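*Asks:* Show me how the following folds:
(one chain, ligands or ions: 1)
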Amino acid sequence: MEIIKLDHITKQYDDGFVALKDINLELESGKFYSLLGPSGSGKTTILRIIAGFTEASAGKVYFDGQDITNLDASKRHINTVFQNYALFPHLNVYENVAFALKLRQRPESEIREKVKDALHTVRLDGYANREIFELSGGQQQRVAIARAIINEPKVLLLDECLSALDKRLRKEMQFELRAIQKKLGITFIFVTHDQEEALAMSDEIFVLNDGEIKQSGSPVDIYDEPVNDFVARFIGDSNILSGRMIRDFAVEFAGKDFECADAGITPGEKVEVVLRPEDLDITTPAAGKLLVTVQSQLFLGDHFEIKAIGQDGFEWLIHSTNGVQIGQEVGIFFDPEDIHVMRLGETEEEFDARLETYEGED
Ligand SMILES: Nc1ncnc2c1ncn2[C@@H]1O[C@H](COP(=O)(O)OP(=O)(O)OP(=O)(O)O)[C@@H](O)[C@H]1O
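*Replies:* Alright, predicted model coming up:
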C-alpha cells in the first residue's frame with residue numbers, strides 16, 4: 001500500500017511559470033526515496049505540495065489512501081527537515097526538540113521520555129543541555145532531525161538538508177540518515193541535486209528535469225539503464241555516442257559493429273549508446289575493440305581519468321587504475337553488457353513497455 005500518491009500534479013506559479021507538469025508518484029511505506037535533479041527542476045515544489053505548504057494547480061495528493069489535497073499542513077502526519085535546519089538559536093537542544101510537544105501541551109514526563117528517545121535515535125545522548133551555537137554543523141543537523149521525528153510522522157521530508165556540510169561530514173551523515181530511516185521504519189523523501197548522494201542512500205530515485213520525472217527506479221537501474229540522455233548525462237560521467245541498431249543484440253557506433261545486450265529495437269533505428277568511463281579498460285591496440293589516442297590524464301587518488309580521441313574524432317572519457325602516456329595510442333575494451341542502448345527521445349513509459357514485452361518473451 002502506498003503512503004503517498006501524487007496523481008497528475010501540475011503547478012503553475014502566479015507569474016505563469018509552470019514548475020511541475022503532470023507529476024505521478026507512488027511512494028511506499030518505510031522506504032527511502034530521493035528526488036534528484038538540477039537546480040530549478042521542481043524538487044522543492046513537489047516537497048512543498050506533499051507537506052501542504054504549496055497548493056497544486058491541478059491534481060490530487062493522497063496520504064495512506066485519503067485525499068489530503070486540501071488538508072492543512074499542520075494536520076498532515078508529515079514533517080520537514082529544512083536546508084538551513086531552522087533551529088531556534090535562543091533555545092537549547094532539549095527545548096528545540098521538545099518544541100512541538102510543548103506546543104501540543106503534552107505532559108512533561110511524556111515530553112522528557114520522547115526527547116530522550118529522539119536524541120538517542122540521532123546519537124546525541126547527553127547533548128540535551130547544549131546551546132545550539134555549541135554544536136557542529138553535523139550535530140545541528142541531527143537536532144533538526146530529532147525535532148522532526150519527535151511527532152512520530154509517517155513521512156519525513158528532507159530538503160537538501162546535507163548541503164551545508166563539508167564533504168567528509170556529508171558522507172557520515174548519509175550513513176546516519178539511512179540508519180535513522182531504517183530504525184524508524186518510516187518513509188523518507190530526500191531532495192538533492194547530488195547524484196552520488198541519491199545513489200548512495202535511496203531505495204528508489206526520481207530524476208527530475210524541467211518539472212517532469214525523466215526516470216524512476218533503483219539506483220542500479222538509473223545508473224546502468226538510463227532511458228534518455230538527460231539521465232545518462234546527469235547521473236555520472238558518460239560517453240554518449242550516436243549509433244544505429246543493426247538487429248537484436250547488435251549495434252553500430254564509432255564506425256564499427258558491436259555485440260550488445262539490447263533487443264526489441266527496430267533494425268536500422270538511430271540510437272544513442274552509453275558507455276560508462278569505469279566500464280572501459282585500456283589495453284594494447286591489438287586487443288582493443290577501438291583505437292584511441294591519449295590526450296590528457298588526471299590522477300584522482302583511486303583511479304586515473306583519461307581523455308582520449310577516437311579515430312572518428314569522438315572524445316572518450318576513461319577511468320583506469322593504470323596510467324598511460326600522453327600521445328600514446330591504446331586500445332579500449334568493453335563487454336557487450338557494458339553497452340547501454342537508448343532510443344532517441346524514448347520516454348520512460350515506452351522504455352518500460354519495451355522491457356515488459358522483451359521480458360515477456362523469455
Ligand atoms: N513562488 C514562485 N513563483 C514563481 N516561480 C517559482 C516560485 N517558486 C519556485 N519557482 C520556480 O519554479 C521552478 C522550480 O523551483 P523549485 O524550487 O521547486 O526547484 P528545485 O529543483 O527545488 O531547485 P533548487 O535545487 O535550486 O532548490 C524554478 O524555476 C523556480 O524559479
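
*Asks:* Quick one: list the elements packing against the host helix or strand of His319.
*Replies:* Taking DSSP states H and E as the definition, His319 sits inside strand 315-320. Applying 3 or more CB pairs under 8 Å, 6 or more residues apart in numbering; DSSP states H and E, we find strand 315-320 packed against strand 281-283, strand 304-310. For the C-beta atoms, the positions are set from N, CA and C on the backbone; glycine is no exception.

*Asks:* In JSON lines, list these along with distance to Arg147 and mean neighbour count.
*Replies:* Shown next, in JSON lines, are the helices and strands packed on strand 315-320 (distance: least, CB to CB, whole Å; neighbours: other CB atoms under 10 Å):
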{"stretch": "strand 281-283", "distance to Arg147": "49", "mean neighbour count": "19"}
{"stretch": "strand 304-310", "distance to Arg147": "42", "mean neighbour count": "19"}
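
*Asks:* Show me the one of the ones you listed that comes nearest Gly16.
*Replies:* With CB to CB as the criterion, Gly16 lies closest to strand 304-310 of these, at 43.0 Å.

*Asks:* Tell me what angle the closest one forms with strand 315-320.
*Replies:* 150 degrees (axes from the mean of the first three to the mean of the last three CA atoms, to 10 degrees).

*Asks:* just how off-centre is strand 304-310 within its chain?
*Replies:* 27 Å (CA atoms, centre = their mean, to the nearest Å).

*Asks:* hey, where'd the strands end up in the stretch 1-150 of the chain?
*Replies:* Listed in chain order, the strands of the stretch 1-150 of the chain (DSSP state E, counting those that start in this stretch) span 2-12, 18-28, 32-36, 58-63, 66-67, 78-81.

*Asks:* and the strand holding His319, which strands flank it?
*Replies:* strand 304-310 (antiparallel) (DSSP bridges).

*Asks:* Quick one: mean pLDDT over the strand it pairs with.
*Replies:* In this model, strand 304-310 has an average pLDDT of 95.

*Asks:* go on, stretch 250-267?
*Replies:* 94.

*Asks:* okay, how far is it across that stretch, tip to tip?
*Replies:* 9 Å (CA to CA, to the nearest Å).

*Asks:* How about stretch 128-148?
*Replies:* Stretch 128-148: ends 16 Å apart by CA to CA.

*Asks:* Not counting that stretch itself, show me its contacts.
*Replies:* With CB atoms under 8 Å, 6 or more residues apart in numbering as the contact definition, stretch 128-148 has outside contacts at 79-82, 85-89, 91-94, 96-97, 99-100, 115-116, 118-119, 121-124, 127, 156, 161-162, 164-166, 169, 172-173, 176-177, 180.

*Asks:* Just the buried residues of those.
*Replies:* By neighbour count, with 16 or more other CB atoms under 10 Å, the contacts of stretch 128-148 hold 79-81, 85, 87, 92-94, 96-97, 99-100, 115, 118-119, 121-122, 124, 127, 156, 161-162, 165, 169, 173, 176-177, 180 as buried.

*Asks:* circling back: ok, and for the strand holding His319, which residues are buried?
*Replies:* In strand 315-320, counting by 16+ other CB under 10 Å, buried: Trp316, Leu317, Ile318, His319, Ser320.

*Asks:* what's the answer for stretch 46-60, then?
*Replies:* Ile46, Leu47, Arg48, Ile49, Ile50, Ala51, Gly52, Thr54, Ala56, Gly59.

*Asks:* which residues touch the residue nearest to the fourth one when sequence neighbours are not counted?
*Replies:* Beyond its immediate neighbours in the sequence, the residue positioned closest to Ile49 (CB to CB, 6 or more residues apart in numbering) is Ala56, lying 5.2 Å away. By CB under 8 Å, 6+ apart, the contact set of Ala56 is Ile9, Thr10, Lys11, Leu20, Ile49, Thr69.

*Asks:* gap between Ala56 and Ile68?
*Replies:* 11 Å (CB to CB, to the nearest Å).

*Asks:* mind listing what Ser202 touches?
*Replies:* Phe32, Tyr33, Ser34, Phe190, Ser218, Pro219.

*Asks:* count of residues packed around the fifth one?
*Replies:* Applying the criterion other CB atoms under 10 Å, we find 14 residues in the vicinity of Ser218.

*Asks:* check contacts around the residue nearest to it when sequence neighbours are not counted.
*Replies:* Spatial nearest neighbour of Ser218, excluding adjacent residues (CB to CB, 6+ apart): Glu204 at 6.1 Å. The neighbours of Glu204, taking CB under 8 Å, 6+ apart as the test, are Lys31, Phe32, Tyr33, Ser34, Ser216, Gly217, Ser218.

*Asks:* what does Leu169 give?
*Replies:* Counting by CB under 8 Å, 6+ apart, Leu169 has contacts Ser136, Gly137, Gly138.

*Asks:* and what of Cys161?
*Replies:* Contacts of Cys161 by CB under 8 Å, 6+ apart are Val81, Phe82, Gln83, Tyr85, Gln141, Ala144, Phe190.

*Asks:* tell me the secondary structure for it?
*Replies:* coil (DSSP: H, G, I helix; E, B strand; the rest coil).

*Asks:* how far away is it from Gly37?
*Replies:* Applying CB to CB to Cys161 and Gly37 gives a distance of 16 Å.

*Asks:* ditto for Pro285
*Replies:* From Pro285 to Gly37 the distance is 41 Å (CB to CB).

*Asks:* When those two are compared, which one has more neighbours?
*Replies:* Gly37 (27 against 13).

*Asks:* what sits against that one?
*Replies:* Gly37 touches Lys43, His193, Val207, Leu208, Asn209, Phe234, counting by CB under 8 Å, 6+ apart.

*Asks:* and it, what pLDDT?
*Replies:* 94.
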